[in-house]
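A.B. asks: here you go, sequence then predicted model.
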Amino acid sequence: MKNKNVVEVSYHQTGKSTNTNELGMREMQARVYQHRNSKYILVKAPPASGKSRALMFVALDKLANQGVKKVIVAVPERSIGSSFKDTDLVKYGFYEDWKINSKYDLTTNGGSERKVKRLKEFLRADDGRILICTHATLRFAYQEIEDDSEFDNVMIAIDEFHHVSSDDSSVLGDALRNIMHNSEAHVLAMTGSYFRGDSAPILSPMDEQQFDKVAYTYYEQLDGYQYLKSFGIDYKFYQGRYTDALDEALDTSKKTIIHIPSVNSSESTKDKYDEVDRIFDAIGDVDHQDTKTGVYYIKNKDGKMLKVADLVNEDGREKIAEYLRTLKGSEDLDIIVALNMAKEGFDWPWAEQALTIGYRRSLTEIVQIIGRVTRDSSNKNHAQFTNMIEQPDANDGEVQYAVNQILKAITVSLLMEQVLAPEIHLKRRKHKDQKPTGETDILIKGLKEPSTKRVQSIIENDLPDLKAAILQDESVKKGIMANVNAEVMNKELVPKVVMTRYPDLSNDEIEQVSQYAIADTILRHAKVETTQDDKGNSNQFLRMADKFINVDQLDINLIESINPFQRAYDVMSQDIDSNTLRIIERSIDAHKYDFTDDELVQLYKNAKVFVIENGRHPSKESNNEEEVRMAYALAKIEELRVRRSQANG
């Protein structure tokens with residue numbers, strides 16, 4: 001396994017994102033507060049940016065100045081409720097502290113029925129201004145409330161909003177739609193993820209257009225830290241059991257969160273307790289377990305005693321979870337081993353490295369895990385996300401599954417690279433001597449200007465989500481692995497995703513959105529190089545794929561001649577051996593066309609004749625469609641032959 005990052009981003013340590021203004025607000029919180037008078041607010045900001053306190057500022061203003069009588073804060077799980085405990089705000093410059101009546105903190109222990117009853121009482125009671133509950137409690141209570149008007153002049157704040165869906169089966173999504181349409185409720189929605197990772201959007205386009213959107217990027221957050229200087233994403237490809245490859249991936253000198261794979265995944269050994277034991281062995285020699293806290297003490301190979309938390313075993317989990325809630329400093333813990341815990345809303349600011357085995361179930365989950373290590377803390381200047389991925393094996397019948405896992409991992413890194421990179425603004429170059437008006441402006445000759453407000457809104461607000469949709473599209477993923485040429489990717493595959501995501505767009509609008517998505521993807525990770533001519537004048541060049549382009553001569557035709565995902569294929573070629581690449585290529589080829597049995601028989605016969613007449617096998621790269629079909633048919637037949645051989649042992 002190699003030790004080099006696929007993504008490596010450096011930051012300037014400006015301290016800007018953690019400094020506070022005269023009201024005690026960080027930069028992101030102040031940005032949200034500017035929109036406090038909006039009825040519907042959607043906040044997209046990364047973990048650790050201070051979304052919880054931003055909610056407090058807005059909620060208290062609505063209670064004091066906007067006629068809102070009550071505030072309901074809904075969180076996905078009880079443990080996150082602690083983020084909204086009593087908070088001193090006045091001493092930092094705000095006019096009121098955040099106070100919760102313990103009667104209306106429904107994230108403590110207790111039965112579901114009692115909590116639902118308490119929420120209903122809260123809506124009708126004279127006492128109590130703020131209530132904290134889980135998403136589930138809000139869902140169940142809503143189902144028992146007969147009239148949506150009971151939410152009139154109530155602010156509903158939904159934390160981790162990506163749990164909501166516009167899908168018909170989403171009860172919380174349905175409740176939110178009805179409350180918005182049938183009451184005078186205010187809504188503040190917050191998410192640390194820029195994409196859901198599945199096919200159903202959080203809101204319908206019609207509902208989302210009602211929200212005043214506030215975005216704070218990962219780059220703004222991390223660039224404004226005081227201590228964190230860089231962040232990296234790396235893959236470790238392995239074959240066999242992942243526990244046998246841990247030594248090459250685990251750095252016990254780093255504060256680390258290890259997430260083991262789901263027991264339902266191929267990466268799992270199906271015995272999660274044995275996996276924990278093997279991870280402990282990889283860390284070092286177990287000395288003892290503290291009976292009071294549940295912490296294990298393990299001496300690593302360098303002789304250092306490490307404190308390790310096991311969140312996989314159910315026995316004693318409450319004890320160790322309580323210990324984690326009371327951590328005071330970096331010396332209190334070194335490593336966490338978890339399955340489904342220690343992701344969303346979990347705060348361990350000293351964590352330096354996230355080691356995740358197997359691709360997780362969604363892009364959102366990956367973002368949440370990354371968020372655990374991208375807190376600013378004096379004990380670290382680099383944060384690392386390492387994903388251990390199983391390589392496909394020629395003797396394994398689950399080749400296609402393994403290929404898909406690798407594809408997903410690659411697309412996550414590409415997408416995160418986009419999210420973590422500095423903001424850019426693409427504009428059409430109208431004449432040769434035109435100069436950028438802003439520091440982040442990039443001028444492109446021939447770039448189509450947005451012809452409608454709809455296109456403008458997509459470009460300004462939805463590009464991260466659109467890129468997620470593009471990178472998750474099956475045809476695009478197969479195109480990446482098959483290393484299709486730029487024209488196929490940019491003129492066929494990407495526009496098809498745009499058309500599917502926005503069926504209301506005209507052909508011209510689809511082309512405009514596609515151009516911006518492709519150009520933004522390419523230019524965000526283009527390397528800038530500066531040269532001087534004979535007269536001492538500086539010229540900036542962008543290195544895109546294998547091309548150097550003068551910044552002043554950027555042309556949309558040049559940009560569209562580049563496959564935006566060529567780098568992904570290059571990464572695969574460098575990090576995976578040639579035999580495995582052939583397995584992947586064969587798997588992709590075998591699924592490019594859907595052939596009937598009769599078609600396979602006929603194409604096989606045609607291919608035999610072709611070889612006799614041409615002295616070579618049919619090529620996928622041919623301009624002749626029939627020859628291409630023969631080539632892919634042969635790949636499918638070879639896959640079927642391998643499967644049959646495996647089945648017969």
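C.D. replies: Everything's here; your move.
A.B. asks: helices of the stretch 1-150 of the chain, start to end?
C.D. replies: Taking DSSP state H, counting those that start in this stretch, the helices of the stretch 1-150 of the chain run over residues 27-33, 51-65, 112-124, 135-144.
A.B. asks: reformat those as CSV; add distance to residue 552, mean neighbour count and mean pLDDT.
C.D. replies: C-beta here means a position set from N, CA and C on the backbone, and glycine is covered the same way. Listed next are the helices of the stretch 1-150 of the chain as CSV, based on distance: least, C-beta to C-beta, whole Å; neighbours: other C-beta atoms under 10 Å; pLDDT from 0 to 100:
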stretch, distance to residue 552, mean neighbour count, mean pLDDT
helix 27-33, 33, 21, 95
helix 51-65, 40, 21, 96
helix 112-124, 60, 16, 93
helix 135-144, 51, 19, 93
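A.B. asks: past the worst-scoring helix or strand of the chain on mean pLDDT, which element shows up next along the chain?
C.D. replies: Of all the helices and strands that make up the chain, helix 578-590 has the lowest average by mean pLDDT, DSSP states H and E, namely a mean of 63. Later in the chain than helix 578-590, the nearest helix or strand by DSSP states H and E is helix 597-614.
A.B. asks: the helix or strand just after that following helix to helix 597-614, inter-axis angle?
C.D. replies: Using DSSP H and E, the helix or strand that follows helix 597-614 towards the C-terminus is helix 625-647. Computed by axes from the mean of the first three to the mean of the last three C-alpha atoms, to 10 degrees, the angle separating helix 625-647 from helix 597-614 equals 120 degrees.
A.B. asks: these two touch, right, residue 58 and residue 40?
C.D. replies: No - assessed by C-beta atoms under 8 Å, residue 58 is found out of contact with residue 40, at 11.8 Å.
A.B. asks: which residues are common contacts for these two?
C.D. replies: Shared contacts of residue 58 and residue 40, defined by C-beta atoms under 8 Å, 6 or more residues apart in numbering, comprise residue 188.
A.B. asks: what sits closest to residue 141 if chain neighbours are left out?
C.D. replies: Once flanking residues are discounted, residue 141 sits nearest to residue 119: 4.3 Å by C-beta to C-beta, 6 or more residues apart in numbering.
A.B. asks: which residues touch that neighbour?
C.D. replies: Residue 119 sits next to 72, 106, 131, 133, 137, 138, 141 when contact means C-beta under 8 Å, 6+ apart.
A.B. asks: repeat that for residue 489.
C.D. replies: Each residue near residue 489 by C-beta under 8 Å, 6+ apart is listed here: 476, 479, 563, 564, 565.
A.B. asks: most neighbours among these, which one?
C.D. replies: Counting neighbours by other C-beta atoms under 10 Å, residue 564 leads those with 29 neighbours.
A.B. asks: quick one: that one from residue 526, how far?
C.D. replies: Distance from residue 564 to residue 526, counting by C-beta to C-beta, to the nearest Å: 11 Å.
A.B. asks: isn't residue 38 up against residue 213?
C.D. replies: No - Residue 38 is not in contact with residue 213 according to C-beta under 8 Å; the separation is 9.6 Å.
A.B. asks: that older thread, adding distance to residue 359, write the helices of the stretch 1-150 of the chain out as a markdown table.
C.D. replies: Listed next are the helices of the stretch 1-150 of the chain as a markdown table, based on distance: least, C-beta to C-beta, whole Å:
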| stretch | distance to residue 359 |
| --- | --- |
| helix 27-33 | 30 |
| helix 51-65 | 27 |
| helix 112-124 | 33 |
| helix 135-144 | 25 |
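A.B. asks: out of the ones you listed, which is closest to residue 636?
C.D. replies: Residue 636 lies closest to helix 135-144 among the helices of the stretch 1-150 of the chain, at 45.2 Å (C-beta to C-beta).
A.B. asks: tell me the one of the contacts of residue 489 nearest residue 31?
C.D. replies: residue 564 (29.9 Å).
A.B. asks: can you tell me, leaving aside adjacent residues, what's nearest to the closest one?
C.D. replies: Spatial nearest neighbour of residue 564, chain neighbours left out: residue 521 (4.2 Å); criterion: C-beta to C-beta, 6+ apart.
A.B. asks: pLDDT at that neighbour, what is it?
C.D. replies: For residue 521, the model assigns a pLDDT of 89.
A.B. asks: of the helices of the stretch 1-150 of the chain, which is nearest residue 305?
C.D. replies: Relative to residue 305, the nearest member of the helices of the stretch 1-150 of the chain by C-beta to C-beta is helix 51-65, separated by 34.5 Å.
A.B. asks: low-confidence ranges in the stretch 151-300 of the chain?
C.D. replies: Filtered on pLDDT under 70, the stretch 151-300 of the chain yields the residue ranges 163-170, 193-205.
A.B. asks: try 90 this time
C.D. replies: 160-177, 191-224, 232-241, 247-248, 262-269 (pLDDT under 90).
A.B. asks: which residue ranges form the strands in it?
C.D. replies: 154-158, 186-191, 212-215, 230-238, 256-259, 284-289, 296-300 (DSSP state E, counting those that start in this stretch).
A.B. asks: which stretch among those comes nearest residue 601?
C.D. replies: Nearest of the strands of the stretch 151-300 of the chain (C-beta to C-beta): strand 230-238, 37.2 Å.
A.B. asks: can you list the strands that that closest one pairs with?
C.D. replies: Next to strand 230-238 in the sheet, as set by DSSP bridges, lie strand 7-10 (antiparallel), strand 382-390 (parallel).
A.B. asks: least confident of those strands, on average?
C.D. replies: Sorting the strands paired with strand 230-238 by mean pLDDT places strand 7-10 lowest, at a mean of 80.
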